[in-house]
Every structure is written in structure tokens, then in C-alpha cells.
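[1] Just a sequence and a predicted model for now, questions to come.
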Protein chains: 2
Amino acid sequence: MIDQSVADVMTESVQTVTAETTASDVARLFADHDIGSAVVVDTESGELVGIVTESDIMHQVAIDADVATISVGSFMSEHVVTIDSAESIHEAATLMKDHSIRRLPVVDDGALVGILTTTNLTHYLPRLRNSILRTRGELVGQ
Amino acid sequence: MIDQSVADVMTESVQTVTAETTASDVARLFADHDIGSAVVVDTESGELVGIVTESDIMHQVAIDADVATISVGSFMSEHVVTIDSAESIHEAATLMKDHSIRRLPVVDDGALVGILTTTNLTHYLPRLRNSILRTRGELVGQ
């Protein structure tokens, strides 16, 4: 249970956009789906080319960019830290901490299969605690 | 360690704004401090009157609001779920899950003393795991 896999906790449906999507369209996507990031994929190959987050849009608003025309490609993060779905959530949390990020696209053999966020990990905490208390009970009872 | 307190994990410095602050000023505050929320306080009494998050700003961008003039008071969340710093992080995680929120202002005796986010809880996960493994080792060794 402590080393539960990313696959068990991640969100399987991932919203994708292309580098040509405008900042305001991304903001609408985020608002409509109550999400904070989208994976940027190549229009033709479908390959992951970046990630765009609420903070990126926030930065565009902060510098008075014209959000209706500026496209994701000009401000997305191109260096995307990803994780395999078989990895442990402990590894995922460590990666997030080390890279100061809050979302990890989950990629298996080159294919995007989900996204793991700090919210997913937080929702998992109470389950983790209950499991630990049960385990302790068992150990004490031996 | 499992029931570590909110005080041990929270961020102590909390950015505050007033209901008159504009959406674009909030976006700049978020971008400058790399944060995703601010607590809204009353200009005179300093009392907590709301919370504004990245998602709220995102929603304003999504509906094509004029972010340079619209003020926080018109779109902030007025019903703020808060937590006491002595509560357990387990309780905090459960509150976040139940209310579908990612930030909890930490309030002791009416005074704002910090903010707890899903990022704080995620950064705490690896420490929690190590502690559990140590505890198990001790129990097995008895």
C-alpha cells in the first residue's frame, strides 16, 4: 500500500491541446473541466511536445499578454518530466518535489496513459493512513 | 508521524489581497511568488473574507472578463474552509477531498497563521513513507 503504483492513483482522462491552441482557449478548457493542466501534443504525430498549466496562463495574464491570440507553443514547458504508470507514488512525489512541479504526465512505452497531480496524491493520503493503522494493528497483534 | 500536524507541513507565509484588488494584479502576485492562491482580507479589520485561486482567475479569462479592471470581490469564494494548525494532515487531506479544494487557510483563534496546499502534502509523502518503513522495521524487530 505504501508503494502503491501511479496507475492506481492517476487520472486516466488527460486533456490535450496543440501548440497552436490560444491561451484563452486553454483557460476555457481548464474552467470547463475543472483541471489545471493539459498535455501539448504534436498535431500530426500526436507525440507529447509540452505541458501547459494554470501557472503558465497566469504568467501570460500577469505580463498583459493578449490571451485571445497568444498560442500555447510560445509559453508552454517543453521539458516535460513524465513517469511510468508502474512506478510507485513515493517515486512520483519525490520527482514532483525535486522538480518543483505539481503534475506528471504518465507515459507507458511512449503512449500518454494518464496524469498524476498533487490533488491525486492528497486524495490518496487518508487511504494510506487507514492502511498503515490496519497494518500496525496486525503487527501489534502478532 | 502519520498524524503529523498541519503546523508541521503548512506554508507559513500567506499572501493576502483585498476585495478591491484586480484580477490582473492577483495574477501578477501569483506569478511573482509562484503561488496558486491568496487569502482575501477586509481592508479595515484584516479579517478573512474569502479566497481567490488560480482557477478563479482562469475562469475570468475563460469568460473574456477584463482582468485589468475586474476586482477579486466579484468572483472570489466567500465560503472559505479553514483548518486549525493543531489538526492532523490526515484530517486536512480528508477536508480537501470532501470539499474538492486544494488549499486550506490555517486559522488559529481567528488569526491567519498559514496555508496548507496539496503541494505541501505531496512534499510530505516521501517523508511519511520513510517513517512508516522505519516504524515497520522497529515493530518487526521486537
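    Arrived safely.
[2] ranges for the helices of chain A?
    A:6-9, A:23-33, A:54-62, A:89-99, A:118-141 (DSSP state H).
[3] Report the contact partners of the residue positioned nearest the centre of chain A.
    Nearest to the geometric centre of chain A sits A:Arg103, at 2.8 Å (CA atoms, centre = their mean). If you count contacts by CB atoms under 8 Å, 6 or more residues apart in numbering or on different chains, A:Arg103 has them with A:36-37, A:51, A:53, A:115-118. Just so you know, the C-beta spots here come from the backbone N, C-alpha and C atoms, and that holds for glycine as well.
[4] can you redo those residues as CSV with pLDDT and neighbour count?
    Listed next are the contacts of A:Arg103 as CSV, based on pLDDT from 0 to 100; neighbours: other CB atoms under 10 Å in any protein chain shown:
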residue, pLDDT, neighbour count
A:Gly36, 93, 23
A:Ser37, 96, 24
A:Ile51, 98, 24
A:Thr53, 96, 21
A:Ile115, 97, 26
A:Leu116, 97, 27
A:Thr117, 96, 24
A:Thr118, 95, 24
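[5] Could you restrict these to the ones contacting chain B?
    A:36, A:117-118 (CB under 8 Å from any CB of the partner chain).
[6] nearest to B:Thr22, of the residues you listed?
    Nearest to B:Thr22, judged by CB to CB, of these is A:Gly36 at 21.9 Å.
[7] Nearest residue to the closest one in space, ignoring adjacent ones along the chain?
    A:Glu54 (4.4 Å; CB to CB, 6 or more residues apart in numbering or on different chains).
[8] Return the subset of the contacts of A:Arg103 lying in strands.
    A:37, A:51, A:53, A:115-117 (DSSP state E).
[9] for those, which one is nearest B:Leu128?
    Among these, A:Leu116 lies closest to B:Leu128 (CB to CB), at 17.0 Å.
[10] Kindly provide the distance from the closest one to B:Thr18.
    36 Å (CB to CB, to the nearest Å).
[11] A:Asp66 now?
    Counting by CB to CB - A:Asp66 and B:Thr18 are separated by 28 Å.
[12] Tell me which of the two has more neighbours.
    Counted by other CB atoms under 10 Å in any protein chain shown, A:Asp66 and B:Thr18 do not tie: B:Thr18 has more neighbours, with 17 against 10.
[13] Count the residues that sit near the nearest residue to the more buried one once chain neighbours are set aside.
    The spatial neighbour of B:Thr18 that comes closest, neighbours along the chain excluded (CB to CB, 6+ apart), is B:Thr43 at 4.9 Å. Per other CB under 10 Å, the neighbour tally for B:Thr43 reads 9.
[14] Surely B:Thr43 is in contact with B:Thr16?
    No: judged on CB atoms under 8 Å, B:Thr43 makes no contact with B:Thr16 at a distance of 10.5 Å.
[15] Show me what the helix or strand bottoming out on mean pLDDT in chain A is in contact with.
    Least confident helix or strand of chain A, by mean pLDDT, DSSP states H and E, is helix A:118-141 with a mean of 77. With contact meaning CB under 8 Å, 6+ apart, helix A:118-141 is reached by A:1-2, A:4, A:9-11, A:89, A:92-93, A:96, A:102-103, B:2-3, B:89-90, B:93-94, B:96-97, B:102, B:117-119, B:121-122, B:125, B:128, B:132, B:135-136, B:139-140.
[16] Can you flag the buried ones in those residues?
    A:2, A:9-10, A:89, A:92-93, A:96, A:102-103, B:2, B:89-90, B:93-94, B:96-97, B:102, B:117-119, B:121-122, B:125, B:128, B:132, B:135 (16 or more other CB atoms under 10 Å in any protein chain shown).
[17] so where's chain A shaky on pLDDT?
    A:1-2, A:138-142 (pLDDT under 70).
[18] go with 80
    Applying pLDDT under 80 to chain A picks out residues A:1-3, A:128-142.
[19] what residues are up against A:Glu47?
    With CB under 8 Å, 6+ apart, A:Glu47 has these contacts: A:41, A:110.
[20] same question but for A:Ile115, I mixed them up
    For A:Ile115, the contact set (CB under 8 Å, 6+ apart) comprises A:10-11, A:14, A:37, A:39, A:103-106.
[21] cutoff 10 Å now
    Residues counted as contacts of A:Ile115 (CB atoms under 10 Å, 6 or more residues apart in numbering or on different chains) are A:6, A:10-15, A:35-39, A:51, A:82-83, A:103-107.
[22] And for A:Ala92?
    A:5-6, A:9-10, A:83-84, A:104, A:106, A:116-118, A:120-121, B:122, B:125-126.
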